[in-house]
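J.: Give me the fold of what follows.
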Amino acid sequence: MRTGEPLPSVGEVLAALATGLWHWDTAAGLVTLDAEAARLLGLPARPVTLTEAQARARLHPVDWNEVAGVVRLAAAEGTLAEVRIRVMDADGRILRVVRSRSKPSFDPERRAYELIGTLQEVTEPAPGTAAARSAVTGDWRRSREAFLLDAGRALAEARSTAEVLRVAGGLSMPGFSPDGLVVYGVEGDRLTITGQHGHHPGDMNPFSNMPLDTDYPAAEVVRTGRAVYLSSPEEYRDRYPATWPLARRFGRHSWAFLPLTAAGRTRGAWMAAFTYPVAFTPDERAVLTTVARMLAQALSRAGAAESERELAEGLQRTMLPSLGPEVPGMRIAARYIPTGGGLQVGGDWYDMIPLPSGRFALVIGDVQGHDVRAAGIMGQLRIALRAYAAEGHRPDAVLSRASRFLHGVTDGSGPGAPADPRFATCLYVEADPVTGMLEVARAGHPDPVIRMADGTVMMRPTAGGLPLGVDPDADYPTTRFTLEPDETLMLCTDGLIETGGHDLESGWRRLRVLLEDHRAGEYRQEDLEALADALVQAVHGPSSHHTTGPLADRREDDIALVLLCRPAAVCGRDGTATAGPPVRRTLLSVAQDEPDRIAEARQHLRELLHDWASREQVDSAVLLVSEMVTNVLVHTDADALLLAEVLCGEGGRRLRVEVFDTGDDLPHKRRPGELASSGRGLMLIELLADAWGVAPRGEGKSIWFELRERTGAGAPGASPGSYVP
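T.: Residues are numbered from 1 along each chain as shown. Model (predicted):
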């Protein structure tokens, strides 16, 4: 072309450069191509107008979606949209790779995008070559897709803010990796630093607690919700001269500040800084924008989870008390393990209450349900129990008042109160640390368990009433027995027994084996804490520490556990050791209106003699106890008190059973006829017992018998430890 001649038209220039021109209007849904653009898309070389569906059929589906995403991003930021597109033939093979560069715009009235751009064929390098690792190749795009998948998975698995920041700091972006990352948050009208990576401690202090109206990129991003890209130090200095001196000392060459937006709200900003120049092409901006979105969602999830966890732990700390100062003559350990549902606190609780009498009370209970309301009711009920106990009421009166209180709280009778009936099981124990006397009132709760000095473990039957809140006028009888030296009392909720598919029977057998196998040591506090940990691990530990039960239902429940031990070495009044107790001793009362408890007495004696050598002697002892207790209920108006002891001596072990009553008439042997229905009690005792007798006891009397353990040939059908009730 000679000087002075007119310049060729744009179309001629583009055709000479093998560059096509295309126009896309999303409102009309049409794509217009000139002759060269049509040729590049595999069509005849003449101008043509296609529908979006026809144009999309000529392009790789992944690349079409990428075009749509880049167009939206470029229109929002007012930049060029550049993307590489694979052109496909009718058989799905790649004809060529073209590069599209366009300037998109958004029409808010039509809510549509319009762009005019160019198409130019580019050479797709072979995978693995140096060119394939540059920032503008197809391999880079595939690496980017793999990177985003890995980053999304890692951020989705992060459970805390610290984990999210650690994942973000370890992200290695394809083709360009920042060496400095900072996550900014917002508190009121100030910018804060949530986390950072690639900086020394204290380096970012000048940028912390910065007002949002400061001329700083991160503050602008939070204010506007739009990203800021700074490709060079000169651009940073020209746009933000006030804060450039603070950023200059880090020696960086490029910066990207992106909004952290979740649920339509900008909650902070993310800075990625680079030690080398980055042009921030549309592909690079798309990667950074996607990472920022995933980072914002991960931080939002982690923050919500941490807030919920902090709230639950605060509720737990508030509602579950510490056991307080050490009780002279006693050792106490407790555990609370939340296992059901998402909350860290539920309806289970325990408490230790100092009483005006100098004694103390242990309380354990379980409110129906595992939700926020159950936790709230638990807190109210615990406060009510403490108040009633502090007034000096006996255990039965404390539970009666608590039941009336719970019924009034949950029956919906108050003004505006919704009807949500709830009940709670509870076990209340008043303990005398000097004598070891325990007074127990039970409201639908599992019975306490006693671990005796020799390791024998027995469930201690106690009288009980309905769960709290069911009947406001319910009565709760009291059971009294003594915790002997070196014995341990276990109180627990049903979660410890039934977790893992167990019912009450199989769960109790599992705990009994653990309690009997545990070495008590010297009954120090550390020994009791170790026993509490072992019980929890057996139920809620790894699979190697517990066995599943026979039930198909494997739902878990909260666990509350309290252990009370009375060490022999510290339970005397003056701190000296008391006299050695019997090997085993148990006490059980049977009231006139509770004849069904005779069966409990028989079972109780069998558990006491679970390792007795002679099964025949066990059967004999059970028969005699049944006769003696029945005689008291039939022939007197008094209640029966059963005392059973296993004593050791030079001749071996012997069982001594004594039944007390307050009647004045002494029993005497009778000679019943063949058809008589009674009168054979003393005859059986004389026949089966090694020794027996009747002794006046001031107000009332007692009848007793003894059996000496037979071993070896005299103990048919059993060996020590072989009996399991």
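J.: quick one: contacts for W244?
T.: 236-237 (CB atoms under 8 Å, 6 or more residues apart in numbering). For the C-beta atoms, the positions are set from N, CA and C on the backbone; glycine is no exception.
J.: can you tell me how far it sits from E220?
T.: Relative to E220, W244 is positioned 14 Å away (CB to CB, to the nearest Å).
J.: And the helices in the stretch 201-350 of the chain, which stretches?
T.: Counting by DSSP state H, counting those that start in this stretch, the stretch 201-350 of the chain has helices at residues 217-224, 233-239, 244-248, 282-319.
J.: Would you point to the one among those that's packed deepest?
T.: Among these, ranked by average contacts under mean count of other CB atoms under 10 Å, first place goes to helix 217-224 (a mean of 20).
J.: Packing partners of that helix?
T.: Judged by 3 or more CB pairs under 8 Å, 6 or more residues apart in numbering; DSSP states H and E, the packing partners of helix 217-224 are strand 180-187, strand 190-197, strand 210-211, strand 228-230, strand 254-262, strand 265-274.
J.: repeat that for 6 Å
T.: Helix 217-224 sits against strand 254-262, strand 265-274, with contacts defined as 3 or more CB pairs under 6 Å, 6 or more residues apart in numbering; DSSP states H and E.
J.: got the ones you listed as JSON lines, with mean neighbour count columns?
T.: As requested, the helices and strands packed on helix 217-224 are exported to JSON lines (neighbours: other CB atoms under 10 Å):
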{"stretch": "strand 254-262", "mean neighbour count": "23"}
{"stretch": "strand 265-274", "mean neighbour count": "22"}
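J.: how about those in CSV, adding distance to A305 and mean pLDDT?
T.: Putting the helices and strands packed on helix 217-224 into CSV (distance: least, CB to CB, whole Å; pLDDT from 0 to 100) gives the following:
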stretch, distance to A305, mean pLDDT
strand 254-262, 14, 90
strand 265-274, 15, 88
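J.: any chance of those in JSON lines, plus distance to D475?
T.: Listed next are the helices and strands packed on helix 217-224 as JSON lines, based on distance: least, CB to CB, whole Å:
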{"stretch": "strand 254-262", "distance to D475": "57"}
{"stretch": "strand 265-274", "distance to D475": "58"}
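J.: I'd like to know how many residues surround the spatially closest residue to P461 that is not a sequence neighbour.
T.: Leaving aside its sequence neighbours, P461 sits nearest to E600 (CB to CB, 6 or more residues apart in numbering; 4.5 Å). A total of 16 residues lie near E600 under the criterion other CB atoms under 10 Å.
J.: Go ahead and confirm E600 touches A463.
T.: No - E600 is beyond contact range of A463, at 10.0 Å (criterion: CB atoms under 6 Å).
J.: Tell me which of the helices of the stretch 201-350 of the chain approaches L258 most closely.
T.: Across the helices of the stretch 201-350 of the chain, L258 has its closest neighbour in helix 282-319 (3.9 Å, CB to CB).
J.: which residues are contacting stretch 557-566?
T.: Under the contact criterion CB atoms under 6 Å, 6 or more residues apart in numbering, stretch 557-566 has outside partners 330-340, 346, 348, 350, 362, 364, 436, 483, 485, 487-493, 495-496, 523, 528, 532.
J.: buried stuff in stretch 36-50?
T.: Residues of stretch 36-50 classed as buried by neighbour count (16 or more other CB atoms under 10 Å): 36-41, 43, 48, 50.
J.: Including secondary structure, distance to R401 and pLDDT, could those residues go into TSV?
T.: Output for the buried residues of stretch 36-50, formatted as TSV (DSSP: H, G, I helix; E, B strand; the rest coil; distance: CB to CB, whole Å; pLDDT from 0 to 100):
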residue	secondary structure	distance to R401	pLDDT
E36	helix	93	88
A37	helix	88	88
A38	helix	91	89
R39	helix	93	89
L40	helix	88	89
L41	coil	86	88
L43	coil	90	89
V48	strand	90	91
L50	strand	84	91
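J.: now those residues in TSV, with distance to H60?
T.: Shown next, in TSV, are these (distance: CB to CB, whole Å):
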residue	distance to H60
E36	20
A37	17
A38	18
R39	18
L40	14
L41	12
L43	16
V48	20
L50	16
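J.: all strands of the stretch 451-600 of the chain, in order?
T.: Taking DSSP state E, counting those that start in this stretch, the strands of the stretch 451-600 of the chain run over residues 457-459, 464-465, 478-482, 487-492, 559-566, 584-590.
J.: shaky segments in the stretch 201-350 of the chain?
T.: Judged by pLDDT under 70, the stretch 201-350 of the chain has its weakly predicted residues at 312-322, 324-325, 339-346.
J.: so how far is G117 from A45?
T.: 19 Å.
J.: and if you look at L95?
T.: Taking CB to CB, one finds L95 at 19 Å from G117.
J.: And for D475?
T.: From D475 over to G117 the distance is 88 Å, taken as CB to CB.
J.: Neighbour count: these two, which is higher?
T.: Taking neighbours as other CB under 10 Å, D475 and G117 compare with G117 leading, 22 against 13.
J.: So the more buried one: helix, strand or coil?
T.: For G117, the assignment made with DSSP: H, G, I helix; E, B strand; the rest coil gives strand.
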